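> Pasting a predicted model and its sequence here:
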Amino acid sequence: PNAPVPSFAFPVLNAGSLGIYGAELETTWVPLTGLTLQAQVGFLNAYYGEFTEEVRGPNNTVVIRDRSGDEPPFAPEWTARVGVSYEFGLDDYGWLTLATDVNYRTKSWLSVDNRDVLTQDSYALMNALVSWTSASNRWYGSAGVKNLTDEVYKTDAQEFSSVGNIQTAYYGDPRTWQLTLGYSF
């Protein structure tokens, strides 16, 4: 700070060890013609086993910070998805499919530093889609909504403590409508 031209440091951190294990279960069930039910659930346990860093303290002293036990970013403990779709014929007019799904994630850190301001709490996203295919399989169309409940959620973040303590978060798409019409030749 006392230099005539400020200098910035962008340290690269490497964890000494990372512990990670988990499991995922996926299932699909077709209880009757045209109806498909899907479910997935995932569990993840991730933590830094050994992680230390040198931090500049008061009067330019070096302080060793032990971050062992912190959680790595983008590693929610639980994820889940439930989806249902139903396809039925329209005689000479083709097929219509109605589909919806809900995706869920528990809280996760969005930065290596495990700063509360750069976390994403648990959230769920719901999507809905109606699609049509002509009997000739040449024409098709769909209409849908992603993030039906207009959930506000963060997808990424960056933390630059060495550059004015800048903290930036990036957000996922709000409720988004889509409409598609096409012809295959």
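Cool, got the structure. Predicted, not measured: the structure shown is a model, and the values here were computed from it.
> Where does pLDDT dip in the protein?
Judged against pLDDT under 70, the low-scoring parts of the chain cover residues 1-12, 161-163.
> so what's the spatially most central residue of the chain up against?
Centrality entry for the chain: nearest residue to the mean C-alpha point is residue 155, 5.8 Å, by Cα atoms, centre = their mean. Going by Cβ atoms under 8 Å, 6 or more residues apart in numbering, residue 155 touches 110, 120, 170-172. For glycine as for every other residue, the C-beta is placed from the backbone atoms N, C-alpha and C.
> between those, which is closest to residue 90?
Minimum distance to residue 90 across the contacts of residue 155 is 34.5 Å, recorded for residue 172 (Cβ to Cβ).
> so where does the nearest residue to residue 125 once chain neighbours are set aside fall, helix or strand?
Once flanking residues are discounted, residue 125 sits nearest to residue 103: 4.9 Å by Cβ to Cβ, 6 or more residues apart in numbering. For residue 103, the host element (DSSP states H and E) is strand 95-105.
> Can you name every helix or strand that that strand contacts?
Strand 95-105 makes packing contacts with strand 78-89, strand 123-133 when contacts are defined by 3 or more Cβ pairs under 8 Å, 6 or more residues apart in numbering; DSSP states H and E.
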